[in-house]
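In: Build the 3D model from these lines:
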Amino acid sequence: MAAPGLLLLCCNFICRCFRSKTKDTDDTVLVKESNTVDAAPSIEVNSGSGKIPVSPLRVPPSPLRVPPSPGRFSMSPKLDRIGSVHLTMRQAARATQNFSPSLKLGEGGFGTVYKAELQDGRTVAIKRASKEHSDALRSEFRSEIELLAKIEHRNLVKLLGYVDKGNERLIIAEYVPNGTLREHLDGVHGSCLDFSQRLEISIDIAHGLTYLHLYAEKQIIHRDVKSSNILLTDRMRAKVADFGFARLGDNEPGNTHVLTKVKGTVGYLDPEYMRTFKLTPKSDVYSFGVLLVEILTGRRPVDSRRSPDEKVTIRWAFGKHNNDETMDLVDPQMKEAVDAKIFKKMLNLAFQCAAPTRADRPDMKSVAERLWAIRVKYLKRAGKE
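Out: Take a look at the predicted model:
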């Protein structure tokens, strides 16, 4: 209980300071509060109105990576896509060597994730629900899985199948081979992420979340956006993973939130969600803002090993920014010279996403567009375009 209390105190600090200083206002317009629908209730551990500075730049289309946004229903595959991997419980156990700890990839909101080798040679990830989640999901597991199976986006981990047998519930997903974003920020995989890679990863994540909020057949709020839930491919493309905490919207006009017991990860949790139990897509936006600060600084959102004034990264970063010490926030692992203007633009966007009240946050589509505009400026300033 201490950690959430600490976060609320920090959020109060940011709330007082949030409007005290905004830099780089040469690229701002006003964005209206989103009217998108929010999600349905769930269990566990978290408005107002206003306007916010946002980039007016017309973002040029990506030549390669950002296809035009689909219509709300146009990209959903047929339901039979969920049958792309059929496994029995016995086959799943064999593929994971009886859920061997040696094949464990990590822990997620849904349960434990294992690397699995199928008989046809394919490698997949199998997520085994914890007993707590297995019991809670008994009535809704299959219907929600069928909906998640229709998600198709290059920046979202694909669901390939599931097992629902007795007390066991498994999710079979694509295997993403290059570890988590957090591991790369920690240097676990050797080389450090350079600034360009961090910018591209941020754009990938924003596009994945935008798809969930706007273009899935039913609106999906991820609810646990964090660096350990971002997987990287061999080509350093980012994929958002772990929909174990995700909630589905009902798409009814006029619905702006859902009451739900708080679930998520300390450090990334939307303070307004914690206070009101009202979940909206802006809760994901807040988490993304915290994640963006993490990407830029390399620091975890909460680090109890640091001094009290540096323990909560978003509070420490905002204080530095307010004192004109922004470039002190650059991850020291990046040995390159980082463009100060570009860095500050990304940091300003991160702070806007992590505003204490959701009305002061942009929606994910605006965030993705602004990041793309920053990318265009970065490439021009670096002489790469």
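
In: rest of the way, CA atoms for contacts and neighbours
Out: OK.

In: Got the domain ranges for this protein?
Out: Structural domains annotated on the chain: 15-72+178-381, 79-174, as defined by automatic domain parsing.

In: Out of those domains, which gets the lowest mean score?
Out: Lowest mean pLDDT within the domains of the chain: domain 15-72+178-381, at a mean of 80.

In: about what we covered before: export the domains of the chain to a markdown table and tack on mean neighbour count?
Out: Converted to a markdown table, these look like this (neighbours: other CA atoms under 10 Å):
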| stretch | mean neighbour count |
| --- | --- |
| domain 15-72+178-381 | 19 |
| domain 79-174 | 18 |
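
In: ok, which stretches of the stretch 101-250 of the chain are strands?
Out: Residue ranges of the strands in the stretch 101-250 of the chain, as given by DSSP state E, counting those that start in this stretch, are 104-107, 111-117, 123-129, 159-165, 168-174, 220-221, 230-232, 238-240, 247-248.

In: And these: which comes nearest residue 90?
Out: Of all the strands of the stretch 101-250 of the chain, it is strand 159-165 that lies closest to residue 90, at 10.4 Å by CA to CA.

In: quick revisit: can you tell which of the strands of the stretch 101-250 of the chain is closest to residue 294?
Out: strand 230-232 (12.5 Å).

In: Check which element follows whichever strand or helix holds residue 341 along the chain.
Out: With secondary structure defined by DSSP states H and E, residue 341 is part of helix 340-353. Using DSSP H and E, the helix or strand that follows helix 340-353 towards the C-terminus is helix 364-381.

In: C-alpha coordinates for that next one, CSV please?
Out: Only the C-alpha atoms of helix 364-381 are listed here, as CSV (Å, rounded to 0.1, in the frame of the first residue of the first chain):
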residue,chain,number,x,y,z
MET,A,364,-2.8,7.9,-28.5
LYS,A,365,-3.5,8.7,-32.1
SER,A,366,-2.2,12.3,-31.5
VAL,A,367,0.8,10.9,-29.6
ALA,A,368,1.7,8.7,-32.6
GLU,A,369,1.4,11.6,-35.0
ARG,A,370,3.5,13.9,-32.9
LEU,A,371,6.2,11.2,-32.5
TRP,A,372,6.2,10.7,-36.2
ALA,A,373,6.6,14.5,-36.7
ILE,A,374,9.5,14.5,-34.2
ARG,A,375,11.1,11.6,-36.2
VAL,A,376,10.8,13.7,-39.4
LYS,A,377,12.6,16.6,-37.7
TYR,A,378,15.2,14.3,-36.2
LEU,A,379,16.1,12.9,-39.6
LYS,A,380,16.3,16.3,-41.2
ARG,A,381,18.5,17.7,-38.4
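
In: what angle separates that helix from helix 340-353?
Out: Orientation check (axes from the mean of the first three to the mean of the last three CA atoms, to 10 degrees): helix 364-381 against helix 340-353 gives 170 degrees.

In: What is helix 364-381 packed up against?
Out: If you count contacts as 3 or more CA pairs under 8 Å, 6 or more residues apart in numbering; DSSP states H and E, helix 364-381 packs onto helix 195-210, helix 340-353.

In: hmm, try it at 6 Å
Out: Helices and strands touching helix 364-381, as assessed by 3 or more CA pairs under 6 Å, 6 or more residues apart in numbering; DSSP states H and E, comprise helix 195-210.

In: elements contacting the helix it packs on?
Out: Helix 195-210 is packed against helix 364-381, with contacts defined by 3+ CA pairs under 6 Å, 6+ apart.

In: redo that, cut-off 10 Å
Out: Packing partners of helix 195-210 (3 or more CA pairs under 10 Å, 6 or more residues apart in numbering; DSSP states H and E): helix 181-185, strand 220-221, strand 230-232, strand 238-240, helix 281-297, helix 340-353, helix 364-381.

In: circling back: chain center to the helix holding residue 341, what's the gap?
Out: Remark: helix 340-353 is offset 17 Å from the chain centroid, using CA atoms, centre = their mean, to the nearest Å.

In: And for stretch 312-324?
Out: Remark: stretch 312-324 is offset 22 Å from the chain centroid, using CA atoms, centre = their mean.
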